[in-house]
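1. From the sequence below, what's the structure:
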Amino acid sequence: MGQLPDMRVTPTGRASTHTGLDYFGPMTVKIGRRQEKRYGALFTCMTVRAIHIELASDLTTTSALMALRRFIARRGCPKTIWSDNATTFRGADRELTQAVRAIDRDELTRFSSPRQIEWRFIAPVAPHMGGCWERMVRAVKTALKATLNTRIPREDTLTTLLAEAEAIVNGRPLTYVPLDHNDDLPLTPNDFLMPMTDRTGMTATSGTFNDGDLLRRSWRESQRLADLLWKRWVKEYLPTLTRREKWYQSSTPLAEGDIVVIADSQSPRNLWPRGRVVKTYPGRDGQVRVADVQTGHGLYQRPVTKLCRLDVRPTQD
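-> Okay, the predicted model is just below:
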């Protein structure tokens, strides 16, 4: 198990600086007498794990860009966006998988380049590499089950329910909940999204100030509060991310020339393709987690969790 990327463990000063994107659905809505499908676009902050949900009318590239523009308008422009590989987008619904394949990766890149957004895709057929946002999708679905009473809601009702589910997930504690009521409350993602919502004890004044003093004081208070939140994040939340509870023992990394069998859940085991590793992508710790495999049907890029190495060596020509 490798180290977490820097964007997960480095204070950024603003939530959603590094963002993960995923889709979920479809969800059926009632419009007049007809029924239509809608999808949820979930943006999650890679650092403080806050989420933002946008309702997408379809899974075209234009709809994805509109959802991204609304997210930027409300949460600010991110520096990095991570998402599943667009050519092999995974979803519980086959229609969702097929529809997202039509999203144009080049169009997303053209949109993000002038805004200095780095769009990065995880390896194909590797949903575990996107666990940061996959877990948030599950949390949203759990919250929707608790709030969705009607089977087929109207579109405005679904939009409201998604906003309420977003508030529920962003209100979850990131750190341990204290037993003593005198201790500080646990950190939540909402503390970083709305740091000045609770101003208890800050309303009392101790003198006469003009407008300039009030502005400077408010700005200094907000900056000081943000610093305190990030200090608590470093002391209380960050140590919980650095624990490694599994995969203590390292294995021999894949090397070029290894003969492997590609695990394919869509076909029987006796029909899994066999190939040769032609290129590896080692991480900073030297472990290989993604490799290119040449088979009789073409070149495939797969994570090592889907590659079964055979205890044979290729014959020399």
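2. Surely Glu236 is within a helix?
-> Yes - counting by DSSP: H, G, I helix; E, B strand; the rest coil, Glu236 is located in a helix.
3. surely it meets Thr188?
-> No - between Glu236 and Thr188 there is no contact under C-beta atoms under 8 Å: 11.9 Å. Backbone N, C-alpha and C define where each C-beta goes, glycine included.
4. list residues touching both of those two?
-> Residues touching both Glu236 and Thr188 (C-beta atoms under 8 Å, 6 or more residues apart in numbering): Leu174.
5. Those two: which has the busier surroundings?
-> Neighbours were counted for Glu236 and for Thr188 using other C-beta atoms under 10 Å; Thr188 has more, 19 against 15.
6. Show the contacting residues for that one.
-> Contacts of Thr188 by C-beta under 8 Å, 6+ apart are 170-174.
7. do the same with Trp272
-> Trp272 makes contacts with 261-264, 308, as judged by C-beta under 8 Å, 6+ apart.
8. buried subset of those residues?
-> Buried members of the contacts of Trp272, scored by 16 or more other C-beta atoms under 10 Å, are 261-262.
9. which one among the contacts of Trp272 gets closest to Arg34?
-> Asp264 (38.8 Å; C-beta to C-beta).
10. Now do the SS call for that closest one.
-> Under three-state DSSP, Asp264 comes out as coil.
11. Can we start the residue count at 390 from this point?
-> In the new count, where the first residue is 390, that last one comes out as Asp653.
12. That one reaches Gly664, doesn't it?
-> No - if you go by C-beta under 8 Å, Asp653 and Gly664 don't touch, sitting 11.8 Å apart.
13. Mind checking which of the contacts of Thr577 land in helices?
-> If you go by DSSP state H, the contacts of Thr577 have Asn559 in helices.
14. Kindly indicate the member of the contacts of Thr577 with the most neighbours.
-> Asn559 leads the contacts of Thr577 on contacts (other C-beta under 10 Å) with 21 neighbours.
15. Can you read off the backbone torsions of the closest residue to that residue other than its chain neighbours?
-> Spatial nearest neighbour of Asn559, excluding adjacent residues (C-beta to C-beta, 6 or more residues apart in numbering): Pro578 at 4.3 Å. Dihedral pair for Pro578: phi -60, psi -30, per degrees, to the nearest 10.
16. Give the burial count for Pro578, as a bare number.
-> Pro578, neighbours per other C-beta under 10 Å, totals 22.
17. In a markdown table: the contacts of Thr577, plus distance to Phe432 and pLDDT.
-> Below are these laid out as a markdown table (distance: C-beta to C-beta, whole Å; pLDDT from 0 to 100):
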| residue | distance to Phe432 | pLDDT |
| --- | --- | --- |
| Asn559 | 12 | 92 |
| Gly560 | 17 | 89 |
| Arg561 | 17 | 88 |
| Pro562 | 21 | 89 |
| Leu563 | 18 | 87 |
